[in-house]
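Chemist: Any chance you can model this:
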Amino acid sequence: LLMAAEQLDAAEPCYLNAQQLAPTDARWPYYLGQLYRIKGPISQAATSFARALELQPGDVPTLVWLGEVHLTQGRVDEAAQQFSTVLAKQPTLVPALFGAGRVALARQEYALAVRLLEQCLTLDPRATATHYPLGMAYRGLGNTNLAQIHLAQPGDVKIQPVDPLMAALDEALESPRAYDIRGGRLLETGD
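Modeler: Predicted coordinates:
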């Protein structure tokens, strides 16, 4: 409830305690990973998500978030590994394609980045956060016309995996703010 109410400092000791009391329950390190992803330190987010994966191997949302955290940290090879694992299971999962496309961009593999990021937009045209890295990839290829087109487009729709644990967290509160957040997310997905 504290995390749902965005009381992250108060939620942290509760998650740490829950992790101590139920060390084999993947929810607690997962939620700690989300908490640290939001408020920092990002290195603790990576550690927490890695622990959640030990407890629940192959969990797609955890793999995607761990890849995102690694990418934020500049740990491109580790990020690539997480996104590749997801894409081996679900080759059209937009959040994993988006991550893999940004990994390719970071490695200056511009043609691969363009292919992956274009696939994101084909699968989900509302995934507007794709435009900026796609524009940068086109710039890397020397295609300034397509680069300008994509860089000029707003990229305000975040690309996130379907995440049952975070959905449960979002539904923990019944308040005007909670309804506003849920409504915003549904608008982003076109529902």
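
Chemist: tell me which residues in the helix or strand bottoming out on mean pLDDT in the chain are buried?
Modeler: Using mean pLDDT, DSSP states H and E, the weakest-scoring helix or strand in the chain turns out to be helix 176-188, at a mean of 76. Neighbour-count burial for helix 176-188 flags Glu188 (criterion: 16 or more other C-beta atoms under 10 Å). Placement of C-beta: from N, CA and C, glycine included.

Chemist: Please shift the residue numbers so they start at 826 in all later answers.
Modeler: Yes, from this point I'll number from 826; that puts the last item at helix 1001-1013.

Chemist: next one: that helix to chain centre, how far?
Modeler: Offset of helix 1001-1013 from its chain centre (C-alpha atoms, centre = their mean, to the nearest Å): 18 Å.

Chemist: Any regions of this protein where pLDDT drops low?
Modeler: Scanning the chain for pLDDT under 70 picks out nothing.

Chemist: Which strands or helices does the least confident helix or strand of the chain pack on?
Modeler: Where contact means 3 or more C-beta pairs under 8 Å, 6 or more residues apart in numbering; DSSP states H and E, helix 1001-1013 is packed against helix 989-995.

Chemist: Using CSV, list the CA coordinates for the helix it packs on.
Modeler: The C-alpha trace of helix 989-995 is given here as CSV (Å, rounded to 0.1, in the frame of the first residue of the first chain):
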residue,chain,number,x,y,z
PRO,A,989,0.8,-8.8,-13.1
LEU,A,990,2.7,-7.8,-9.9
MET,A,991,2.7,-4.1,-10.8
ALA,A,992,-0.9,-4.3,-11.9
ALA,A,993,-1.8,-5.8,-8.5
LEU,A,994,0.1,-3.0,-6.8
ASP,A,995,-1.7,-0.4,-8.9
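
Chemist: what does it rub up against?
Modeler: Residues outside helix 989-995 that contact it (C-beta atoms under 8 Å, 6 or more residues apart in numbering) are 828-829, 852, 855-856, 859, 886, 1003, 1006-1007, 1010.

Chemist: do stretch 956-970 as well
Modeler: Outside stretch 956-970, the residues that touch it by C-beta under 8 Å, 6+ apart are 923, 926-927, 929-930, 933, 935-936, 938-939, 942-943, 946, 971-980.

Chemist: And the contacts of helix 989-995, which is closest to Leu841?
Modeler: Checking the contacts of helix 989-995 against Leu841 with C-beta to C-beta, the nearest one is Tyr856 at 10.5 Å.

Chemist: Could you tell me how many residues sit around the closest one?
Modeler: Using other C-beta atoms under 10 Å, Tyr856 has 23 other residues around it.

Chemist: what helix or strand is it on?
Modeler: Applying DSSP states H and E as the criterion places Tyr856 in helix 852-864.

Chemist: So which other helices or strands are in contact with that helix?
Modeler: In terms of contacts (3+ C-beta pairs under 8 Å, 6+ apart), helix 852-864 is packed against helix 833-846, helix 867-880, helix 885-898, helix 989-995.
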